[in-house]
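Peer 1: one predicted model, sequence on top.
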Amino acid sequence: MTPKTSLANSIENLNQIIQPIIGETCHQIGFSYGDELILDFGEMQPYNHPKLKHLNKGSWQLFTRATPWSLTFGNLLSGIHSSILDIHPNNEFAERLLQPLENTKLTNFALGGNHDFTLTLSFEGEDNYNYKFILEPDLEDDSGLAYWELLMPNEQILIVGPGQFWECKSIHECD
């Protein structure tokens, strides 16, 4: 099993792992397991499982877990926040609100400073319109769940959180 790595002494390593996703296109947005948002990037391909063969997934998949997120448009300070799901628990409604991210190019994938796991994804649409998708983990959350996970094309998964830790391991090592 791959040991978890502390954020404090490894932010450069973590940033090196996530840099190859920059430049990929977000092709699909959806929800799984309730409020867990999934963003699919890169080449779209069918799932391997026979019952899911009719569905496609990206070569990169970002899973938000139960982490709060927000989406801002251009230079606007307001936007859409995951709390919209508290008001409108219908994931289809949230998917429509997030639809502007589909077919946009990822221009940055960056962790925040001050040893937190705030993740900011910057996008540029075909019309040169910019979007920011921000994941803001609650570092006090004691659920034991990861804040977010990134499934990569090389059969590796980056698991960030809980706490100030992350790990990158083979998908074959996962439970």
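Peer 2: Ah, there it is.
Peer 1: partners of the nearest residue to residue 111 once chain neighbours are set aside in the sheet?
Peer 2: By the measure of Cβ to Cβ, 6 or more residues apart in numbering, the closest residue to residue 111 outside its immediate chain neighbours is residue 119, 5.9 Å from it. Quick note: C-beta positions are derived from backbone N, CA and C, even for glycine. Taking DSSP bridges as the rule, residue 119 bridges to residue 111, residue 135.
Peer 1: give the contact list for residue 119.
Peer 2: For residue 119, the contact set (Cβ atoms under 8 Å, 6 or more residues apart in numbering) comprises 109, 110, 111, 112, 134, 135, 148, 160.
Peer 1: and those as JSON lines, adding distance to residue 50?
Peer 2: Converted to JSON lines, the contacts of residue 119 look like this (distance: Cβ to Cβ, whole Å):
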{"residue": "109", "distance to residue 50": "33"}
{"residue": "110", "distance to residue 50": "38"}
{"residue": "111", "distance to residue 50": "37"}
{"residue": "112", "distance to residue 50": "41"}
{"residue": "134", "distance to residue 50": "37"}
{"residue": "135", "distance to residue 50": "32"}
{"residue": "148", "distance to residue 50": "28"}
{"residue": "160", "distance to residue 50": "31"}
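Peer 1: quick check, nearest of these to residue 46?
Peer 2: residue 148 (24.3 Å; Cβ to Cβ).
Peer 1: what helix or strand is the closest residue to residue 100 other than its chain neighbours on?
Peer 2: Once flanking residues are discounted, residue 100 sits nearest to residue 131: 6.4 Å by Cβ to Cβ, 6+ apart. Assessed by DSSP states H and E, residue 131 sits inside strand 130-135.
Peer 1: and that strand, what's buried?
Peer 2: 131, 132, 133, 134, 135 (16 or more other Cβ atoms under 10 Å).
Peer 1: centre of the chain versus the next helix or strand after it, how much separation?
Peer 2: Remark: after strand 130-135, the chain's next helix or strand is strand 148-151, criterion DSSP H and E. How far strand 148-151 lies from its chain's middle: 6 Å, per Cα atoms, centre = their mean, to the nearest Å.
Peer 1: which parts of stretch 96-111 are buried?
Peer 2: Buried-residue list, stretch 96-111, by 16+ other Cβ under 10 Å: 98, 100, 101, 102, 104, 106, 109, 111.
Peer 1: phi, psi of the spatially most distant residue from the centre of the chain?
Peer 2: Most distant from the centre of the chain: residue 50, at 25.5 Å, with distances by Cα atoms, centre = their mean. Dihedral pair for residue 50: phi -50, psi -40, per degrees, to the nearest 10.
Peer 1: also residue 17?
Peer 2: Torsion angles, degrees, to the nearest 10, at residue 17: phi -70, psi -40.
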